[in-house]
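Trainee: fold the following and give me the result.
(3 chains)
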Amino acid sequence: MAPVLEGRTITRVQLNRPDLRFPFPDDFAARIEGQQVERLSRRAKFLQADLTSGERLFMHLGMSGRFVLAGEQLGDFTHAHDADPKHHHVIFTTEDANTVTYNDPRRFGFMELVGPDEPYRLDGLGPEPLSNDWSAPDLRARLRGKKTPIKIALLDQRVVAGLGNIYVCEALFRAGISPGRGAGRLKVAETENLVRHTKDVLTEAIAAGGSSLRDHRQADGALGYFQKSFSVYGRQGDPCPTCAAPVARRVQGGRSTFYCKSCQR
DNA sequence: CCTTCTACCTGTCAGC
DNA sequence: TGCTGACAGGTAGAAG
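Mentor: Below is the predicted model of the structure:
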């Protein structure tokens, strides 16, 4: 999206419905039309477009959102896709007549416009898991005194930002830590293991193009294939890759947790 | 403040 | 071939 949007003026915003998960901001189209996108960036799972007006456009894909690019000269950035037009909710048109379309069947995504000095929830997010800011001491400090299970704590974006259900399950498996352990009760060595394995899982998953369970695609439209490397996620009843005991499933905080009862303590 | 629970929505799949 | 119910990669906001 950056080559298509950065440095370009958005000439038109077509809203096809009043809301996604939340209502669109007041005067959404008017506040974006005529603005140039100075920079496109990412923080946790939020996409941020800095506009020349000083406002920031935050976009979140939720569970099933995607952006579809189209334009005469965009060959390298477009590909065949199966996004149903009935779920095209927002269409941004740029000065060079390219379009960036937000498609989201489940509508768990959302968009926000925030003024330059207005706070936004990104301010409260924890560190990026692959940055040098995220270390065992940092995690330990943020988990201190927490009674909540480690599985839930790792999904809390204020503890570390950008981990989802799959990678938390896989990281806990690799670190040999039971998902039900009290977050504040991990030993120093366990926290170190957990951070190391989390970074490894994410790095490997990114190299594999992510996990295409259903909706996820790489930017070029290809399927990711990290799902073929899952040790426990979605593998209830399969043998644990380490000890061959059946992989267990439980529900924590309303989400499925997959783990090995004998390897994870 | 922290933790827990529910809501948001469509699509898919397993089981009957 | 339908029908039903469970479940899905996430987050906000209310309630306790």
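
Trainee: which parts of the stretch 1-150 of chain A are helices?
Mentor: Ranges of helices within the stretch 1-150 of chain A are A:2-5, A:28-32, A:136-143, A:150-155, based on DSSP state H, counting those that start in this stretch.

Trainee: comparing these, which comes out most buried?
Mentor: Highest mean neighbour count of those: helix A:150-155, a mean of 23 (counted as mean count of other C-beta atoms under 10 Å). Every C-beta, even on glycine, is put in place using the N, C-alpha and C of the backbone.

Trainee: mind listing what the closest residue to DNA strand C within the stretch 51-200 of chain A touches?
Mentor: DNA strand C sits closest to A:Gly164 of the stretch 51-200 of chain A, with a gap of 2.1 Å, by C-beta to the nearest atom of the strand. Going by C-beta atoms under 8 Å, 6 or more residues apart in numbering, A:Gly164 touches A:45, A:155.

Trainee: check A:Leu74 too.
Mentor: By C-beta under 8 Å, 6+ apart, the residues touching A:Leu74 are A:4, A:98.

Trainee: give me phi/psi at it?
Mentor: Main-chain torsions, A:Leu74, degrees, to the nearest 10: phi -100, psi 20.

Trainee: where does the stretch 1-150 of chain A have low pLDDT?
Mentor: Counting by pLDDT under 70, the stretch 1-150 of chain A shows no low-confidence range.

Trainee: can you show me the strands along it?
Mentor: Applying DSSP state E, counting those that start in this stretch to the stretch 1-150 of chain A gives strands spanning A:10-15, A:37-43, A:46-51, A:56-60, A:66-70, A:88-94, A:99-103, A:110-114.
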